[in-house]
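J.: How does the following fold in three dimensions:
(chains A, B, C and D)
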There are 2 protein chains.
Amino acid sequence: MKKVRLADVAKVAGVSMKTVSNVVHNYPHVTPEMRRKVQLAIDELGYKPNLTARRLATGKTGMIALAIPEIDHPYFSELSRYIAEEASLRGYRVLVEQTLNNLAAEQAVLNDREAGLVDGVIFHPVRMQSMDIAMLRRDVPLVLLGESTMPVTADHVMIDNVAAARDGVRHLLAQGRRRIAFLGLVAGDITGSTDQRLLGYQQGLLEAKMPLDPHLVFSAPDFSPEDSAEAVQRALASGISFDGIICRDDRFATGALHALRNAGSRVPEDVAVVGWDDTELGRWAAPSLTSIAPDKRELAATALEMLGERIDGLQGIGRHRIVSHSLSIRESAPAGAPVLL
Amino acid sequence: MKKVRLADVAKVAGVSMKTVSNVVHNYPHVTPEMRRKVQLAIDELGYKPNLTARRLATGKTGMIALAIPEIDHPYFSELSRYIAEEASLRGYRVLVEQTLNNLAAEQAVLNDREAGLVDGVIFHPVRMQSMDIAMLRRDVPLVLLGESTMPVTADHVMIDNVAAARDGVRHLLAQGRRRIAFLGLVAGDITGSTDQRLLGYQQGLLEAKMPLDPHLVFSAPDFSPEDSAEAVQRALASGISFDGIICRDDRFATGALHALRNAGSRVPEDVAVVGWDDTELGRWAAPSLTSIAPDKRELAATALEMLGERIDGLQGIGRHRIVSHSLSIRESAPAGAPVLL
DNA sequence: GATCCAACTTACAGCGCTGTAAACAACCTG
DNA sequence: CAGGTTGTTTACAGCGCTGTAAGTTGGATC
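T.: Have a look, this model is predicted:
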């Protein structure tokens, strides 16, 4: 089957190309008769506009790129879903790029060796610092996600990580937990995300006049549940005791759950566990995870809105938006009567 | 910052556009001196080729669309990851389209009202039947995923669902399970996927001369863990007893796990549970899920390979490829000594 | 030194669409 | 009925790149 072009339709309908184009775009000033005639030709030939040509002519691609570390990370896959939905609401299609926690891949996203592919980029960096991002001269609107430290050259959406971590700690304290651990340091994670969460953790403890024990801050070599399980196991093995733990994400919390179970600790009786991201992974864990819940829908909507404004030409330094978060309380750290120790 | 075009570089370097293009494309027959001169101009101006223009000129987009029901379904998000990786290996970028278990959205994917956006489509239908797919005249290469019933008009990759289900049943039988349930019917799921799994389930029982009890086939109103939990709970409540259950996917199995736990049944002691898809959700469930494991990497690679061949012009009727599967054995249905009942 | 060849470079016509400006038509005014 | 309006359609020049065919150059050949 040959490709049908606008010109072909025009010839068959006996009108100019532009009139066909007008019909395709539902331009109002076309006489009904003309419209009918053109539509007939379109249907007869099975004409479909060539998007690439349209893009070249208009300079708009109607596409945005979403660059995330891993598409199958529960948080990112859920976030992707909302971004995809919000994007489609606004007439955009989404091109997904995985950076796989890899610095070079992150740089490649911004360094775009090609142009004209997408109208804008939503990017969640893990390895790049905001300074690095600022250094690159870009020519595509960019919205940053995650906890990178306040870049001035791009818009940015995040939740208040300090407050969120504090909320988690408060929740544990309210149940009577007294030795609360933090699981979240990851080697090579220099985005400041962990810093902020750690800060909130400290604030939470300090405001309750609790001591700050550095032994209670665990770190893992990488982002997987396996790594986190190992970190918790090592802590347990070295005799460190704790009755609550707040984890940098649900994956980590899931790993912690496993390690605790293997060690014979009961959750939440012996140790209460708080996750982060409120993902399906945590909702269906056993016990189900209490988790800090960023409003992902709002996050996605805000990112798209800001990106849209930039695409529409808005200039100026980077704006920062905080979206709301809450605490989804489930079995691993229930609310209610404090546990007796 | 103004857009830099090929012509601008050519002017600065004092050569023709085509020579610049040759340098950009690493065309071998360019003298080193010329290459240097051009590269200098490219760097100085910060030239980036415009992909849209390139596409229009070449007719290739270098993009494929991946149309799946839900990007945040564990199976699909993991599959997406492999598809993205395999695609990038082959120089393709991936455009993700969610169909959200919605017939109209699935039709829209194939009905493409526009052309020239992608070179090919990988599509996992849930609501469309292969007849529907065959009816539509398409002009883009298409590879189907999942268990749709053997379309003749498009290539197709799947695992042997009948055999896989049978393997699951055999595994349960080998442990001494005698009342094995199947959880998988979903209203409106007409892809035949469930049919095949159900068939395998029956074959597994028959070859062991086990009776086939229709009460042991559970159905859920939709695809979520909530729905599945409810289905299992209802079965339990109505007094149906079973000591093994095989579920249409890990999400369903996760729901089943919850329902069983709430009902006080121990897994695997009282009921052994087998999931399907071998996702992270199941790997970190408690107890961790034994699950039928399609080789997702192979699935992705095969789909891309077939699509690539079609894109390169291969004609002919739809081909069908079966990729391998295995059984990932974990806590919910361990191997080893049969359970005494 | 004339001839030929291979290696390199250039000019230019598209790819299929849209925006602009201009042309044309029909309809009002006064 | 000339002149002004509004409404509708057309012609055509790009958008930025690549493929083709034609041109140029330097050196090997006899």
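J.: Quick check: residues of the stretch 51-200 of chain A near DNA strand C?
T.: For the stretch 51-200 of chain A, the contact set with DNA strand C under C-beta under 7 Å from any atom of the strand comprises A:53-54, A:56-58. C-beta: built from backbone N, CA, C; applies to glycine.
J.: Including neighbour count, secondary structure and pLDDT, could those go into JSON lines?
T.: Compiled in JSON lines, those are given as follows (neighbours: other C-beta atoms under 10 Å in any protein chain shown; DSSP: H, G, I helix; E, B strand; the rest coil; pLDDT from 0 to 100):
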{"residue": "A:Ala53", "neighbour count": "17", "secondary structure": "helix", "pLDDT": "95"}
{"residue": "A:Arg54", "neighbour count": "21", "secondary structure": "helix", "pLDDT": "95"}
{"residue": "A:Leu56", "neighbour count": "19", "secondary structure": "helix", "pLDDT": "94"}
{"residue": "A:Ala57", "neighbour count": "11", "secondary structure": "helix", "pLDDT": "94"}
{"residue": "A:Thr58", "neighbour count": "10", "secondary structure": "helix", "pLDDT": "93"}
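J.: the strands in chain A, which residues?
T.: Ranges of strands within chain A are A:63-68, A:93-98, A:120-123, A:142-145, A:155-159, A:180-186, A:217-220, A:244-247, A:272-276, A:290-294, A:320-323, A:325-328, based on DSSP state E.
J.: How many residues are close by the closest residue to A:Ala87 other than its chain neighbours?
T.: Of all residues not flanking A:Ala87 in the chain, A:Val94 sits nearest, at 5.0 Å (C-beta to C-beta, 6 or more residues apart in numbering or on different chains). When neighbours are counted by other C-beta atoms under 10 Å in any protein chain shown, A:Val94 registers 24.
J.: about what we covered before: export the strands of chain A to CSV and append columns for mean pLDDT.
T.: Shown next, in CSV, are the strands of chain A (pLDDT from 0 to 100):
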stretch, mean pLDDT
strand A:63-68, 96
strand A:93-98, 94
strand A:120-123, 95
strand A:142-145, 93
strand A:155-159, 94
strand A:180-186, 87
strand A:217-220, 89
strand A:244-247, 96
strand A:272-276, 97
strand A:290-294, 97
strand A:320-323, 95
strand A:325-328, 97
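J.: Present those as JSON lines; the columns should include distance to DNA strand D.
T.: Shown next, in JSON lines, are the strands of chain A (distance: least, C-beta to the nearest atom of the strand, whole Å):
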{"stretch": "strand A:63-68", "distance to DNA strand D": "16"}
{"stretch": "strand A:93-98", "distance to DNA strand D": "19"}
{"stretch": "strand A:120-123", "distance to DNA strand D": "17"}
{"stretch": "strand A:142-145", "distance to DNA strand D": "20"}
{"stretch": "strand A:155-159", "distance to DNA strand D": "25"}
{"stretch": "strand A:180-186", "distance to DNA strand D": "40"}
{"stretch": "strand A:217-220", "distance to DNA strand D": "45"}
{"stretch": "strand A:244-247", "distance to DNA strand D": "47"}
{"stretch": "strand A:272-276", "distance to DNA strand D": "44"}
{"stretch": "strand A:290-294", "distance to DNA strand D": "39"}
{"stretch": "strand A:320-323", "distance to DNA strand D": "32"}
{"stretch": "strand A:325-328", "distance to DNA strand D": "42"}
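J.: so which of the ones you listed comes closest to B:Ala163?
T.: strand A:93-98 (31.9 Å; C-beta to C-beta).
J.: Residues contacting the closest one, please?
T.: Applying C-beta atoms under 8 Å, 6 or more residues apart in numbering or on different chains, the contact partners of strand A:93-98 are A:62-71, A:80, A:83-84, A:87-88, A:105, A:109, A:117-118, B:63, B:80-81, B:84-85, B:88, B:93-97, B:117.
J.: got the angle for it vs strand A:63-68?
T.: 30 degrees (axes from the mean of the first three to the mean of the last three C-alpha atoms, to 10 degrees).
J.: Partner strands of strand A:93-98 and their direction?
T.: strand A:63-68 (parallel), strand B:93-98 (antiparallel) (DSSP bridges).
J.: Please state the offset of that strand from the chain centre?
T.: Mean-position distance between strand A:93-98 and its chain equals 12 Å (C-alpha atoms, centre = their mean, to the nearest Å).
J.: Send over that strand as CSV, restricted to the C-alpha atoms.
T.: Presented in CSV, the C-alpha positions along strand A:93-98 are these (Å, rounded to 0.1, in the frame of the first residue of the first chain):
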residue,chain,number,x,y,z
ARG,A,93,3.0,11.7,24.2
VAL,A,94,5.7,10.3,26.5
LEU,A,95,9.1,9.0,25.5
VAL,A,96,10.6,7.0,28.3
GLU,A,97,14.4,7.0,28.8
GLN,A,98,16.0,4.8,31.5
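J.: Counting neighbours, show which residues of that strand come out buried.
T.: Across strand A:93-98, burial judged by 16 or more other C-beta atoms under 10 Å in any protein chain shown covers A:93-98.
J.: go on, stretch A:83-95?
T.: By neighbour count on 16+ other C-beta under 10 Å, the buried set for stretch A:83-95 is A:83-87, A:92-95.
J.: start to end distance for that stretch?
T.: Distance across stretch A:83-95, first residue to last, is 11 Å (C-alpha to C-alpha, to the nearest Å).
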